[in-house]
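Asks: here's a sequence, model it:
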Amino acid sequence: MKERFYRYIESLQDKITSKLEEIDGKAKFQEDIWRREEGGGGRTRVIEDGAVFEKGGVNISAVHGPLAPAMQKYFNVGDVDFFACGLSLVIHPRNPMVPTVHANWRYFEMYDKTGKVIDQWFGGGQDLTPYYLFEEDTRHFHKVCKKACDPHGFSLYSDYKKKCDEYFWNAHRDEARGIGGLFFDYLKEDSHMKIENWFDFVTEVGDSFLEAYVPIVEKRKDLDYTKENRNWQEIRRGRYVEFNLVHDKGTLFGLKTNGRIESILMSLPPHVQWRYDHHPEPGSDEEKLLKVLEKPVDWI
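Replies: Numbers count the residues shown, from 1 in each chain. Here you go, the predicted model:
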């Protein structure tokens, strides 16, 4: 399974970076092959200072070795070995009318000291972080997510949409990071779903990413915006940074397993503002976004 999923994310990385380069028309992804001393490595691809994408990364990795003591405690296991592979992406567009997007799809195995697999699961999801709310874009994103989920179980979209709303919540701000999407973890084999069934589900979600995001980019990338719009984008990017550094489990896992720092922190935007006690004007488009972020919305 691990070889099969790694081949899939290699192909998906090629597909996504090729399409995003086509849309940008100026910048290209720069590739960085790296190795991890304890075992494994990855292929990082980063785009910067483009016509459409100010910064973005589409990274794959496959790492293995002894599970660090901090993660043994987290998973409530003893001295075991692990394998983890996945694709992780974050795209920060230049135009404030285009939302930031995040996605990842991953597979994990744990082994006893004889090499026997003692646990395995999939995880991942995709979610949208707009700076200005276009409800038709939000509905489109969620409809594509639901279409990818439904063939594998009609409750999956609602279950994983709810988990996304719960996970991407900036608890210290008491607000959502964005307008959600899908989030799932620990998808293990049981009496209803074999591990191959979960592979089919996760890869269908991965295959849906470009359909979910690209039409929004193409619709909004050439809209006019002001310096004030840009300031608001940078202020909201600050909340994105806060979530990734305070709450995100993937960031924590990478830092505690001697992951590659440049790849882990690739998700951070290039230009950010933190303004003291900033509040938008009442009735403004900026306030409209904040109202939506106060409580999860059923978009479809």
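
Asks: quick check: longest helix of the chain.
Replies: Assignment by DSSP state H gives helix 195-220 as the longest helix of the chain.

Asks: may I have the distance across stretch 189-197, first residue to last?
Replies: One end of stretch 189-197 to the other measures 8 Å (Cα to Cα, to the nearest Å).

Asks: strands of the stretch 51-200 of the chain, start to end?
Replies: 53-66, 81-93, 100-111, 117-129, 169-170, 175-176, 180-187 (DSSP state E, counting those that start in this stretch).

Asks: pretty sure residue 13 sits in a strand.
Replies: No: secondary structure of residue 13 (DSSP: H, G, I helix; E, B strand; the rest coil): helix, not part of a strand.

Asks: what about stretch 70-81, distance to the chain center?
Replies: Relative to its chain's centre, stretch 70-81 lies at 25 Å (Cα atoms, centre = their mean, to the nearest Å).

Asks: let me fix that, I meant to ask about stretch 224-235.
Replies: Worked out by Cα atoms, centre = their mean, stretch 224-235 lies 23 Å from the chain centre.

Asks: hmm, back to that, using TSV, lay out the strands of the stretch 51-200 of the chain together with distance to residue 265.
Replies: No exception for glycine: its C-beta is placed from N, CA and C like everyone else's. Shown next, in TSV, are the strands of the stretch 51-200 of the chain (distance: least, Cβ to Cβ, whole Å):
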stretch	distance to residue 265
strand 53-66	10
strand 81-93	10
strand 100-111	14
strand 117-129	17
strand 169-170	18
strand 175-176	22
strand 180-187	21
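
Asks: closest to residue 260 out of these?
Replies: Evaluated over the strands of the stretch 51-200 of the chain, closeness to residue 260 peaks at strand 53-66, with 7.9 Å, by Cβ to Cβ.

Asks: what's that closest one packed up against?
Replies: Contacts defined by 3 or more Cβ pairs under 8 Å, 6 or more residues apart in numbering; DSSP states H and E place strand 53-66 against helix 2-24, strand 40-48, strand 81-93, helix 261-264.

Asks: single out the most deeply packed of the ones you listed.
Replies: The highest mean neighbour count among the helices and strands packed on strand 53-66, using mean count of other Cβ atoms under 10 Å, belongs to strand 81-93: a mean of 23.

Asks: what lines up beside that one in the sheet?
Replies: Sheet pairing of strand 81-93 (DSSP bridges) gives strand 53-66 (antiparallel), strand 100-111 (antiparallel).

Asks: ok so, going back, out of the strands of the stretch 51-200 of the chain, which comes closest to residue 247?
Replies: Once those are compared by Cβ to Cβ, strand 169-170 is nearest, at 7.0 Å.

Asks: quick one: that closest one to chain centroid distance?
Replies: Per Cα atoms, centre = their mean, the centroid offset for strand 169-170 relative to its chain is 15 Å.

Asks: one more: stretch 217-231?
Replies: How far stretch 217-231 lies from its chain's middle: 22 Å, per Cα atoms, centre = their mean.

Asks: repeat that for stretch 19-35.
Replies: On Cα atoms, centre = their mean, the centre of stretch 19-35 falls 18 Å from the chain's centre.

Asks: which residues does it contact?
Replies: 17, 41-53, 56, 58, 91, 210, 214, 217-218, 221, 260, 262-263 (Cβ atoms under 8 Å, 6 or more residues apart in numbering).

Asks: quick one: buried residues of stretch 47-57?
Replies: Neighbour-count burial for stretch 47-57 flags 47, 50, 52, 53, 54, 55, 56, 57 (criterion: 16 or more other Cβ atoms under 10 Å).

Asks: got a list of what the closest residue to the fifth one other than its chain neighbours touches?
Replies: Which is residue 54. Excluding the flanking residues, the one nearest residue 54 by Cβ to Cβ, 6 or more residues apart in numbering is residue 94, at 4.3 Å. For residue 94, the contact set (Cβ under 8 Å, 6+ apart) comprises 50, 51, 52, 53, 54.
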